[in-house]
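Participant: how would this look folded up:
(chains A and B)
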Amino acid sequence: MSFAARFLTLPDLFPARPAGSPCGEHSLDVALAGGPYRIQGLSARQHAELAERYGELCRPSVARVEIDVFAAGESDFVDIDTRGWRYELDLDQAPDRIRIAGLRFMAWIGLEPRLRGALWTCVEGGARWTELFENYFRILVSYRLLAAGGVLLHSAGVADADGAWVFFGHSGAGKTTISRLSRERGRDVLSDDINAVHRDGDRILVSKMPFAGDLGRVPGGFEPRPLRGIYRLEKGEGNRVAPLPTGRAVAALLSCAPFVNQDPHRVEELTGRLEGLVSELPVGTLAFDLTGDFWTALGGTC
Amino acid sequence: MDLDTVLHRAPDTRYRRVRDEGVVIRQSTAEALVLNDLGARLFELIDGRTSVTGLLDRLEAEYEVERPVLQADVMEYIAELDALGLVTAGNG
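Facilitator: The predicted structure follows:
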């Protein structure tokens, strides 16, 4: 099936450039890693719901990335019965742009000369609106972070006063469990699902993303933390750290870097970024049990 | 797959050398496979024109290993790459 045919009634008429009628006159600045991001062309209701969704991250900023929101007609989208249906977005990657189609929206990410976004939807508000926006926003943030020298990682981020650790792995690897154990030990949990690793000059930082995992949303904690190490979670008995050779570390991280790892035009860049991270940070595997004593194995304080 | 087979990299793969290992990325599934030095060199030499015999000749010139041992290792690698869909057999 050709791109967007599942979602759009006329996929060949996918907008060629970011243009159209805005949903409204409101804009919102979101201070998130890789940003700030300015979302403009919002209706009053869309604005209010995103402002509530992103809370303290919303503050007036000098935006680095602009996202335009345009109104589309309901007839532009295929009416889909979603009962028992597995939802996957349609992505079409090119060297200079990415096109995205999903339930009641189509979107675009332009990469040159600078990254910017556009989204067309017939949804005027409610849970459908915040959900579709976030589906798009995650993808845009992953591209923006890559362009800025960072990466979005499926991971658990855990911090203490000195910095943060990132524990990565696929669903079921133990990200939520290690987050819960860390919280019980007084650590701050950033996200137990997805975190941003990014650079500020020579420093490598990790930031919580507002895309909640199984532990749910916890207010605050969005300030970037110095990243102290990256560990792949492994099932095992006891608590131990083992080295992870560079190639294996890059391969493992690649599979946990959503969206950009499936873009044939960006995978070289992504691999290079990951190789850089692995060469600059402590990287290994961590087997842990439910005692929470893995902090000792990591060389941290309990 | 035999010694006359000409191998092609699958179109959705990307490859990068990372120090002494090779990382093959399968784009469609975002999976990555790590190859040791010999496996990485083998993958680098797969060009859609060279037969398995030709690949063995190149590797034999680069590595100090007996031809029968090398051939056994290479055929095992090729079978694994084929099973993972990372290479296909063609006519050159």
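Participant: so where's the chain shaky on pLDDT?
Facilitator: All of this is about chain A. For chain A, applying pLDDT under 70 flags the ranges A:212-220, A:300-302.
Participant: right idea, wrong chain: chain B
Facilitator: Using pLDDT under 70, the flagged stretches of chain B are B:91-92.
Participant: Write out the residues of it neighbouring chain A.
Facilitator: Residues of chain B lying close to chain A by Cβ under 8 Å from any Cβ of the partner chain are B:12, B:14, B:16, B:18-23, B:25, B:27-28, B:30-35. In short, each C-beta sits where N, CA and C put it, glycine included.
Participant: Narrow those residues to just the buried residues.
Facilitator: Among these, those classed as buried by 16 or more other Cβ atoms under 10 Å in any protein chain shown are B:14, B:16, B:18, B:21-23, B:25, B:27, B:30-35.
Participant: List the buried residues of stretch A:268-287.
Facilitator: So for stretch A:268-287, counting by 16+ other Cβ under 10 Å, buried means A:270-271, A:273-275, A:277-278, A:281-287.
Participant: Apologies, that question was intended for stretch A:60-76.
Facilitator: A:Ala63, A:Val65, A:Glu66, A:Ile67, A:Asp68, A:Val69, A:Phe70, A:Ala71, A:Ala72, A:Asp76.
Participant: Please flag which of the buried ones among the residues of chain B next to chain A sit within strands.
Facilitator: B:Arg14, B:Arg16, B:Val18, B:Glu21, B:Gly22, B:Val23, B:Ile25, B:Glu31, B:Ala32, B:Leu33, B:Val34, B:Leu35 (DSSP state E).
Participant: nearest spatial neighbour of the third one, skipping sequence neighbours?
Facilitator: Counting by Cβ to Cβ, 6 or more residues apart in numbering or on different chains, A:Gly247 is the residue found nearest to B:Val18 once chain neighbours are left out, at 4.2 Å.
Participant: and the closest residue to chain B within chain A, what does it touch?
Facilitator: For chain A and chain B, the shortest gap (Cβ to the nearest Cβ) falls at A:Gly247, measuring 2.8 Å. Shown in contact with A:Gly247 (Cβ atoms under 8 Å, 6 or more residues apart in numbering or on different chains): B:Val18, B:Arg19, B:Asp20, B:Glu21, B:Gly22, B:Val23, B:Val34, B:Leu35.
Participant: that's a strand at it, yeah?
Facilitator: No - counting by DSSP: H, G, I helix; E, B strand; the rest coil, A:Gly247 falls outside a strand, being helix.
Participant: measure it to A:Ile230 for me?
Facilitator: 15 Å (Cβ to Cβ, to the nearest Å).
Participant: Equivalent analysis for A:Val78, please.
Facilitator: 41 Å.
Participant: B:Asp4 now?
Facilitator: From B:Asp4 to A:Ile230 the distance is 45 Å (Cβ to Cβ).
Participant: who's more crowded, those two?
Facilitator: A:Ile230 (26 against 12; other Cβ atoms under 10 Å in any protein chain shown).
Participant: Am I right that that one is in contact with A:Glu280?
Facilitator: No - using Cβ atoms under 8 Å, A:Ile230 makes no contact with A:Glu280, being 10.1 Å away.
Participant: For A:Thr296, state which of the buried ones among the residues of chain B next to chain A is nearest.
Facilitator: Using Cβ to Cβ, B:Val34 is the member of those that sits closest to A:Thr296, with 29.3 Å.
Participant: Many thanks, I have nothing further to ask.
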